[in-house]
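**Q** coords below, sequence missing:
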């Protein structure tokens, strides 16, 4: 299982109206999205590394 705990409260949905959100909520959303982007980039890096290892293993 992942060591990172999922966020328990989502205050942002992609494409939603931002009119009713406060500045603090908007900044919290940015922080949440930046953490998620880093997590996604880490997953891409791990998968790229695994694919590279597999490719080199199966090449003759």
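**A** On my side now, so go ahead. All of these numbers come straight from a predicted model, not from anything done at the bench.
**Q** For this structure, which segments are assigned as helices?
**A** 23-58 (DSSP state H).
**Q** so where's it uncertain?
**A** Scanning the chain for pLDDT under 70 picks out the ranges 1-11, 60.
**Q** go with 90
**A** 1-14, 54-60 (pLDDT under 90).
**Q** middle-most residue in it, spatially?
**A** residue 36 (2.5 Å; CA atoms, centre = their mean).
**Q** who's in contact with it?
**A** Contacts here follow CB atoms under 8 Å, 6 or more residues apart in numbering; on that basis residue 36 touches nothing. (Each C-beta comes from the backbone N, C-alpha and C, glycine too.)
**Q** Report the separation between it and residue 54.
**A** Between residue 36 and residue 54 the computed distance is 27 Å (CB to CB, to the nearest Å).
**Q** right, and residue 33 touches residue 12 too?
**A** Yes: between residue 33 and residue 12 a contact is recorded at 7.3 Å, counting by CB atoms under 8 Å.
**Q** Give me the more crowded residue out of these two.
**A** When neighbours are counted by other CB atoms under 10 Å, residue 33 and residue 12 differ, and residue 12 comes out ahead with 15 against 12.
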